[in-house]
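A.B. asks: Got a sequence here, can you build the structure:
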Amino acid sequence: MKEELDPRRRRVLDVALATFQRFGFRKTSMEEVARAAGISRQGLYLSFATKEALFVAAIEYAVEDGLTAAVTVAKDESLALEDKLVGLFDAWTGRYVGMMGEHVTDLHEATLLHGGELLRDAEARFLDLVIKVIRGSKLPVTFKASGLSARELAETLQATARGLKTICTSREDFGARMRLAVRVMCR
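C.D. replies: Numbers count the residues shown, from 1 in each chain. From the prediction side, this is the model:
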């Protein structure tokens, strides 16, 4: 899934994500990221030629980290279906609830402009993972009579998670509301 990053690059990308979330794409400067990461601006430019390249690398890092966490949840055989589905959406979506603040529109626009294809691919990979978990459960049999497929169930949960991400103020709130949605589906 994700190649192991050296600790220095991981630190820079963690700091870049936090800085973009704090200031937005437009207001984030390479100088600010370098200072927060404890490296020189020139050192940052050696790894990332432009702010856009840093932003795309940070998106890719965050996406791969989320997918890796989701795969770990999906493979956990000790989890009941409800816990597994809630865990998947917490790993993918819940981790960002309450972090975006006033710059969410700026970050969304920048993500679409600079990393739209990357994000669409990651969303599809995540959806495939959720479909696989659903297909491995009794849900498809339960919903067969109503004509709903595993894909439709997964897409409904994904849409629910997106909506909850915009109205929830904390990861805990997101988890509780997502659990309710999953519980309804699993009953």
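
A.B. asks: what's the worst-scoring helix or strand of the chain on mean pLDDT packed up against?
C.D. replies: Least confident element among the helices and strands of the chain, by mean pLDDT, DSSP states H and E: helix 139-144 (a mean of 85). Packing partners of helix 139-144 (3 or more Cβ pairs under 8 Å, 6 or more residues apart in numbering; DSSP states H and E): helix 150-167. Yep, even glycine has a C-beta here, placed from its N, CA and C like the rest.

A.B. asks: ok, residues contacting the helix it packs on?
C.D. replies: 85, 89, 92-94, 96-97, 123, 126-127, 130-131, 134-135, 139-140, 143, 174, 177-178, 181-182, 185 (Cβ atoms under 8 Å, 6 or more residues apart in numbering).

A.B. asks: Any quick ChimeraX command for the buried ones out of these?
C.D. replies: In ChimeraX syntax, the buried subset of these is picked out as below (16 or more other Cβ atoms under 10 Å):
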select :85,89,92,93,94,96,97,126,127,130,131,134,139,143,174,177,178,181,182,185
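
A.B. asks: Please narrow the contacts of helix 150-167 to those residing in helices.
C.D. replies: Counting by DSSP state H, the contacts of helix 150-167 place 85, 89, 92, 123, 126-127, 130-131, 134-135, 139-140, 143, 174, 177-178, 181-182, 185 in helices.
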